[in-house]
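Undergrad: give me coordinates for this.
(chains A and B)
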Amino acid sequence: MLNTLAQAFALISTWEVIIAMFAASVYGLVIGSLPGLSATMATALLVPVTFYLSPIAAIATIVAASTMAIFAGDIPGALLRIPGTPASAAYADEAYAMTRKGEAELALGAGVWFSAVGGIAGTLSLMILAPPLAEIALSFSTFEYFWLAFLGLMCATLVARSSPVKAIASMFIGLLVACIGIENPGGVPRFTFGMTNLFGGIEPIPALVGVFAVAQVMRAMLTPEPPPIPRRKFGSILAGQWKLTKKYNWQMTRGNIIGIIIGVLPGAGADMAAWVSYAMSKRFSKEPEKFGTGHVEGLVEAGASNNASIASGWVPSLLFGIPGDTIAAIAIGVLYMKGLNPGPTLFTEKASSMYAIYLMFIIANIIMIPLGIVMIRLASYVLRAPRSTVMPVIMLCCAVGSFAIGNNIFGVVIVATFGVIGYVMEENGYPVAAMVLGIVMGTMIEQSFVTSLIKSDGSIFPFFERPIAAILAAMAIGALIWPVLVWVWRRLRREAPAAASAR
Amino acid sequence: MRLPDRVTGLFLVGLGAAAAYGGWQLPPVPGQPVGPNVFPLVIGTGLALCGLAIAFGIGHSFEEEEELIPVEGGQPPPPTGKFYGLRALLPPALLLFYVAVADRLGFIITAALIVFVTSTALGARWKLSLPLAVLAPIGIHLIFSKLLRVPLPPGLLPMPW
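TA: Just a heads-up that it's a prediction; the model follows:
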């Protein structure tokens, strides 16, 4: 084991790996912090570069860029309320509220500090828990997947601050959007209205850019320019983080664990980890009323969670070639390209390469703290720039970024459409985040739902027969019933005093 | 653009019903009990039920008014005018404008127009918006076209790199 570790050190202490890692870190930070450019896109754009690198250096770029991009997504979320990556969408409102309260340092510091802690926790899980956890996830059938996806969607309705009925309606709208295209059980064009561009379905990223970025520019058009934020130096970014770590120790650990579990499960990545952890934080908090008004607790838990899921997403990828999330799916492609074919034998035959991957994850998360602080200080100039210079550039990024996803001009039409949809929904109290989650998870939930129905021959009982499926089902249905119970209880309580006073 | 819940709720009922009907019309997979038609049927029904609930005000008591954190210095009252509300439609309109003319005019010219209009609409003077309209498209072009290899349309004014 020590021998393998020494070999791994030798593998990564070459100039090629060090330079590749540093360059990819800077790249990941910049792309992740640019709204509309997600961590997945940053990683995908790196693939051509990895052609020219050695296997370990190629994996180093993927590891570094994805880790940095997930954290960097917090920066525009906090400063502009536009999450840089979907994984930051769950708590972008919260972080932005903190910035408006003048606590930008604390919000961004919590982002970088708890992301690093989460990333290292995720790596430890990758090292220690990989085999048993992967076995549990492997025994999942479509029934469990269906309930898991359902639970994830219910979580989206719990994080919303509006009425749960409107949140569920938003979720259904998102699922309906995911129905568009020919990627369905029958392979027939569904809701495409004869438009060839819709055959491939609605890509989540342009839709996300639309509802978060374009709608934000639209709101800026109608709201008066906020008074200039007083010129001040950013205080110490890490000040108070150690205090937060001690105060929210349990929340941080819970975020790490949730992130690790969700990362391991195929199809569910950093964004779902952040949603679930944020919802969990709100539900179990001692002061849930502070959520949404600039309270750091949810940031701690969700920030620790989404970065933890990045490393643990590699668990099923390395062991079985099943991607834990979209970034891991790209990583699998690179692994095959470099002759490191995923499989349990990787851990015996190429043990030093595996240890090198662990080490790179840990190093990436450590250098994220200094690099992240530099990035925060540079990015915070955005705060001082007048809105009339920031918004036009955001408009250009929306247009070009959505075009770049598929080199298809139709992406820009989608962005514009979802800008209007997002704006109207937000104005009327429909949480757009629930719709976004519906769009992202629609295909997965439909596949698991329809496959399960085919397997069970149309019967509903097999959905509850397997033990893990039954547990997940109970949790999901509980989350669905919960608002109804609260509503009935409130109703009864309101009527009881009324009846008493009438007497 | 704040509409009454009754309007949005009834719109969702219509949307859900249309989706359920459209899903129901889809051809089933031969020999299989469930096909592409089941999911839209479930979603559409759910959406229509939610729409009904919203239209009748169920769950409204959960809604919290958004607490705006006051910014120091207080906010000036927003100017009002007949067409003021329509300004919100400017960003999507500009994006559609990009779709329509980018191929003919090229990225640089189209982007410069978008930047100039957006910047002016947000209250910038020409001393700020004009240099921005020149510099921002070139910068974006450098990042996306040169570094990320996104094929942006050259049009009338191709860049020398």
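Undergrad: where is the longest helix in chain B?
TA: helix B:5-25 (DSSP state H).
Undergrad: and that one, is it in reach of chain A?
TA: Yes - legend: contact between helix B:5-25 and chain A by Cβ under 8 Å from any Cβ of the partner chain is shown at B:5, B:8, B:12, B:15-16, B:19, B:22-23. C-beta coordinates here come from the backbone N, C-alpha and C atoms, glycine included.
Undergrad: for the buried ones among those residues, write the corresponding ChimeraX selection.
TA: Buried residues within those, by 16 or more other Cβ atoms under 10 Å in any protein chain shown, are selected in ChimeraX with:
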select /B:5,8,12,15,16,19,22,23
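Undergrad: can you put the residues of helix B:5-25 next to chain A in JSON lines and add pLDDT?
TA: Shown next, in JSON lines, are these (pLDDT from 0 to 100):
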{"residue": "B:5", "pLDDT": "84"}
{"residue": "B:8", "pLDDT": "89"}
{"residue": "B:12", "pLDDT": "91"}
{"residue": "B:15", "pLDDT": "91"}
{"residue": "B:16", "pLDDT": "91"}
{"residue": "B:19", "pLDDT": "89"}
{"residue": "B:22", "pLDDT": "87"}
{"residue": "B:23", "pLDDT": "84"}
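Undergrad: which other helices and strands contact the next helix or strand after the longest helix of chain B?
TA: Next helix or strand after helix B:5-25 toward the C-terminus (DSSP states H and E): helix B:38-55. Under the contact criterion of 3 or more Cβ pairs under 8 Å, 6 or more residues apart in numbering or on different chains; DSSP states H and E, helix B:38-55 touches helix A:164-179, helix A:432-455, helix B:5-25.
Undergrad: return the member of those helices having the minimum mean pLDDT.
TA: Mean pLDDT is lowest for helix A:432-455 among the helices and strands packed on helix B:38-55, at a mean of 78.
Undergrad: the most centrally placed residue in chain B and residue A:299: what is the separation?
TA: Here the mean C-alpha position of chain B is nearest to the C-alpha of residue B:92 (Cα atoms, centre = their mean), at a distance of 5.9 Å. As judged by Cβ to Cβ, to the nearest Å, residue B:92 and residue A:299 stand 31 Å apart.
Undergrad: ok, residue A:169 - contacts?
TA: Applying Cβ atoms under 8 Å, 6 or more residues apart in numbering or on different chains, we find residue A:169 in contact with A:430, B:12, B:47, B:50-51, B:54.
Undergrad: please repeat the previous calculation with a cut-off of 6 Å.
TA: B:12, B:50 (Cβ atoms under 6 Å, 6 or more residues apart in numbering or on different chains).
Undergrad: could you dump stretch A:460-475 to CSV, C-alpha only?
TA: What follows is stretch A:460-475, C-alpha atoms only, in CSV (Å, rounded to 0.1, in the frame of the first residue of the first chain):
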residue,chain,number,x,y,z
ILE,A,460,-48.5,-0.6,-9.0
PHE,A,461,-47.5,-3.0,-6.2
PRO,A,462,-44.0,-3.9,-7.3
PHE,A,463,-43.2,-0.2,-6.8
PHE,A,464,-43.4,-0.9,-3.0
GLU,A,465,-42.2,-4.5,-2.8
ARG,A,466,-38.5,-4.1,-2.7
PRO,A,467,-37.2,-2.9,0.7
ILE,A,468,-35.2,0.0,-0.5
ALA,A,469,-37.9,1.0,-2.9
ALA,A,470,-40.4,0.9,-0.1
ILE,A,471,-38.3,3.2,2.1
LEU,A,472,-37.8,5.7,-0.7
ALA,A,473,-41.4,5.5,-1.6
ALA,A,474,-42.4,6.2,2.0
MET,A,475,-40.1,9.2,2.1
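Undergrad: from the chain's centroid, how far away is it?
TA: Put simply, stretch A:460-475 sits 26 Å off its chain's centre (Cα atoms, centre = their mean, to the nearest Å).
Undergrad: now do the same for the residue nearest to residue B:88 when sequence neighbours are not counted: its pLDDT.
TA: Nearest non-adjacent residue to residue B:88, counting by Cβ to Cβ, 6 or more residues apart in numbering or on different chains: residue A:218, 4.5 Å away. pLDDT recorded at residue A:218 is 86.
Undergrad: so residue A:218, which state does it fall into?
TA: helix (DSSP: H, G, I helix; E, B strand; the rest coil).
Undergrad: now do the contacts for it.
TA: Residue A:218 is in contact with A:423, B:88, B:91, counting by Cβ under 6 Å, 6+ apart.
Undergrad: could you redo the last one with a cut-off of 8 Å?
TA: A:419-420, A:423, B:88-92.
Undergrad: ok, residue A:214 next?
TA: Applying Cβ under 8 Å, 6+ apart to residue A:214 gives the contacts A:395, A:398, A:415-416, A:418-419, A:422-423, B:91-92, B:95.
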